[in-house]
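**Student:** pasted the sequence and its predicted model underneath.
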Amino acid sequence: MKEQGFKIELKSRYDEWWRYNADLMCGCFDVDDNRIGFVSTASDVADVGSNLRACPEGTAANRSVTLQTPPCDHLVLYVYIIPHTLPAGNDIDASRPFEAEIRISCDGRHLRTEKRMINQWSGASIELKVSRQ
């Protein structure tokens with residue numbers, strides 16, 4: 001089987017997932033820990049500070065972000081979930097963290113699933129180190 005590289009998918013079932021931009025950045029390394037590539041992708045809905053009142057037309061409520069790497073031994077992945085529109089109210093109880101899911105596969109084989117709770121006010125900055133084994 002030919003090496004296909006890593007596939008990273010980020011998604012959330014949160015009703016207001018549209019309020020967040022999501023960026024994936026990944027350094028790709030060989031077995032000797034030399035960086036052999038860098039890939040990134042983004043799903044930006046609006047500029048930070050937009051303070052939108054509703055989901056922009058054309059933005060899928062269940063959108064996901066997918067990143068495909070070239071073949072490599074391991075990677076360092078950075079996931080940034082950035083709010084462009086903050087919660088409408090200041091009630092902390094009404095603004096509980098929501099779940100986001102990161103699925104990682106390599107060569108068509110599922111490696112791991114990370115579920116993270118995301119603060120609605122600050123978003124998240126996540127670093128993951130993943131090996132193909």
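**Tutor:** Received, thanks.
**Student:** bridging residues for residue 12?
**Tutor:** residue 100 (DSSP bridges).
**Student:** that one reaches residue 98, doesn't it?
**Tutor:** Yes - using Cβ atoms under 8 Å, residue 12 makes contact with residue 98 at a distance of 6.4 Å. All C-beta atoms are positioned from the backbone trio N, CA, C, and that covers glycine.
**Student:** okay, and the common contacts of the two?
**Tutor:** residue 118 (Cβ atoms under 8 Å, 6 or more residues apart in numbering).
**Student:** neighbour count winner among the two?
**Tutor:** Higher neighbour count among residue 12 and residue 98: residue 12, with 22 against 19, using other Cβ atoms under 10 Å.
**Student:** who are the contact partners of residue 43?
**Tutor:** By Cβ under 8 Å, 6+ apart, the residues touching residue 43 are 21, 22, 23, 63, 64, 65.
**Student:** per-residue pLDDT, residue 90?
**Tutor:** On pLDDT, residue 90 comes in at 80.
**Student:** same question for the one 10 residues further on.
**Tutor:** In the predicted model, residue 100 carries a pLDDT score of 98.
**Student:** what's near enough to touch it?
**Tutor:** Applying Cβ under 8 Å, 6+ apart to residue 100 gives the contacts 10, 11, 12, 14, 81, 115, 116, 118, 124.
**Student:** and which of those is nearest to residue 107?
**Tutor:** Distance to residue 107 across the contacts of residue 100 (Cβ to Cβ) is lowest for residue 10, with 19.8 Å.
**Student:** quick check: that closest one touching residue 22?
**Tutor:** Yes - at 5.6 Å, residue 10 and residue 22 qualify as touching, with contact defined as Cβ under 8 Å.
**Student:** between those two, what contacts are shared?
**Tutor:** With Cβ under 8 Å, 6+ apart, residue 10 and residue 22 have common neighbours 65, 79, 81.
**Student:** got the phi/psi numbers for residue 92?
**Tutor:** Backbone geometry at residue 92, expressed as degrees, to the nearest 10, gives phi -60, psi -40.
**Student:** what number of residues lie near it?
**Tutor:** 10.
**Student:** tally up the residues packed near residue 123, please.
**Tutor:** If we define neighbours as other Cβ under 10 Å, then residue 123 has 18 of them.
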